[in-house]
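Enquirer: Coordinates for the following, if possible.
(chains A and B)
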There are 2 protein chains.
Amino acid sequence: MATKKAVVLLSGGLDSATTLAVALSEGFLCYALTFAYGQRHKREIQAARAVAGSLGVTEHRIIDIDLAAFGGSALTDSAIEVPKDRGDLDNSPKIPLTYVPARNTIFLSYALAWAEVLGAFDIFIGVNSTDYSGYPDCRAEFIAAFEQTANLATAAAVEGKGRYEIHTPIIEMTKAQVILAGTELGVDYSLTHSCYDPDSKGRSCGRCDSCRLRLKGFAEAGLEDPIEYRTENLD
Amino acid sequence: MATKKAVVLLSGGLDSATTLAVALSEGFLCYALTFAYGQRHKREIQAARAVAGSLGVTEHRIIDIDLAAFGGSALTDSAIEVPKDRGDLDNSPKIPLTYVPARNTIFLSYALAWAEVLGAFDIFIGVNSTDYSGYPDCRAEFIAAFEQTANLATAAAVEGKGRYEIHTPIIEMTKAQVILAGTELGVDYSLTHSCYDPDSKGRSCGRCDSCRLRLKGFAEAGLEDPIEYRTENLD
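Expert: Numbering: from 1, shown residues only, chains lettered A, B, ... in the order given. Below is the predicted model:
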């Protein structure tokens, strides 16, 4: 088991940091993959670098891809404002403006390409049920469909060298469970970044969906969130 | 029908040029998408531009993506030589060195992202049966799996705004049939480029798989290939 390679998608947020820790705890040699995709919260790339260094990956690649060229999301289009202080996140019926068209499909496609070149058949992605505050590409059905596609798309699979598996170790956890699991595995959450709309010093807003889910998770886990928030935004 | 938008993957080769002509003939407003992916035959990007201009697209985007960062293919890794003068192409059991890991998965993912932003539900890709001289991601099973993934991945599909369809109008044609169909639809094949290993003047080698399939196609169609080949390579 110790020599099996895995590609791990690493955004720099707490979900992907925890997912990386799980993959390492299962004995995989981890190849972390981060995307600079024109996101307005570039701060998370710096976080990804810190997390990869702290947990210990075999290799970390940061790939430039231009999703902002297409627009259509508050995360990549500065003309669309990041929603703040939305109502009940858990029961929100609508897909939020921070949805980025086909983002996880693109991310997983790149992970698949790298995996095939590395001779790896395991890909880890930190999608979770709380994230599906409306993101269709964070659901188990989507992951299963992509896994099937991967096994038809690639020479390695078609030639019978192996079967691709997309691992989603935290998909059914609440944010609090993710934080408790990661804490047990030694994740340093002070290195992670979640905010969609940080200020120029990298401080989190505390009011976007991502900050609010994070703060709620730490509160439910009975732990203190170690990152810095803009104090004027907190109660 | 005349106002329906489609995203058309356009490489600059004869298959994708013909596919674009088919999409236009079906009344779609076509948004052509070309990738500069670190391919050694960059000449094809220039061809894509010429074809898009000649056939008349609504918009043409050329996206830079760095597949060469991963390597693993003769098309993106200068350390791997493009195979020449291979034996019987039609009955070749092996996936060739020119296979690029997960390429069509990545291309279709980007097409899906753009389609969602445009409000389009139709994507055209010029895969064909002859291309499956061993490329797993040119097969109908792969396309069907990707189509299913697309319909689970995106907000537009999940919210019921439409159903994504991946069109493969030339998938069952021989190269000769593609050339005859395109000629009927007004494709100017002198603008297209197929060679994996052109010289510095953009002239085709005549000996790689792609050149040989092209030359065989024109011969079987009873037409002359209008592009320039390096004369020292031809019989």
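Enquirer: could you pull out the strands for chain A?
Expert: A:5-9, A:29-36, A:59-64, A:122-124, A:165-167 (DSSP state E).
Enquirer: mind listing what the most far-flung residue of chain A relative to its centre touches?
Expert: Residue farthest from the centre of chain A, counting by Cα atoms, centre = their mean, is A:Glu159 at 30.7 Å. Residues in contact with A:Glu159 (Cβ atoms under 8 Å, 6 or more residues apart in numbering or on different chains) are B:Ile95. The C-beta positions use only the backbone N, C-alpha and C, and glycine is treated the same way.
Enquirer: Torsion angles phi and psi at it?
Expert: phi -80, psi 0 (degrees, to the nearest 10).
Enquirer: Tell me the pLDDT of it.
Expert: For A:Glu159, the model assigns a pLDDT of 89.
Enquirer: what about chain A, any weak spots by pLDDT?
Expert: Applying pLDDT under 70 to chain A flags the ranges A:1-2, A:87-94, A:130-133, A:232-235.
Enquirer: which residues in it form helices?
Expert: A:14-25, A:43-55, A:103-118, A:140-153, A:155-158, A:175-184, A:209-221 (DSSP state H).
Enquirer: leaving aside the residues next to it on the chain, what's closest to A:Ser11?
Expert: Leaving aside its chain neighbours, A:Ser11 sits nearest to A:Glu44 (5.7 Å; criterion: Cβ to Cβ, 6 or more residues apart in numbering or on different chains).
Enquirer: Contacts only, for the one you found.
Expert: Counting by Cβ under 8 Å, 6+ apart, A:Glu44 makes contact with A:Ser11, A:Gly12, A:Gly13, A:His193, A:Ser194.
Enquirer: what about it, distance to A:Arg61?
Expert: For A:Glu44, the distance to A:Arg61 equals 15 Å [Cβ to Cβ, to the nearest Å].
Enquirer: Kindly report the same for A:Glu172.
Expert: A:Glu172 is 29 Å from A:Arg61, by Cβ to Cβ.
Enquirer: So for these two, which sits in the more crowded spot?
Expert: Using other Cβ atoms under 10 Å in any protein chain shown, the more surrounded residue of A:Glu172 and A:Arg61 is A:Arg61, with 17 against 11.
Enquirer: how close does the residue lying closest to the more buried one once chain neighbours are set aside sit to A:Asp209?
Expert: Closest residue to A:Arg61 apart from its sequence neighbours, by Cβ to Cβ, 6+ apart: A:Leu33 at 5.5 Å. Distance, A:Leu33 to A:Asp209, by Cβ to Cβ: 24 Å.
Enquirer: Look at the two and report which has more neighbours.
Expert: A:Leu33 (29 against 22).
Enquirer: Can you report how many residues lie near A:Glu81?
Expert: Neighbours of A:Glu81 (other Cβ under 10 Å): 10.
Enquirer: who are the neighbours in contact with the residue lying closest to it once chain neighbours are set aside?
Expert: Nearest residue to A:Glu81, sequence neighbours excluded (Cβ to Cβ, 6+ apart): A:Ala74, at 6.4 Å. Residues near A:Ala74 by Cβ under 8 Å, 6+ apart: A:Ile80, A:Glu81, A:Val82, A:Pro83, A:Pro96, A:Leu97, A:Thr98, A:Tyr196.
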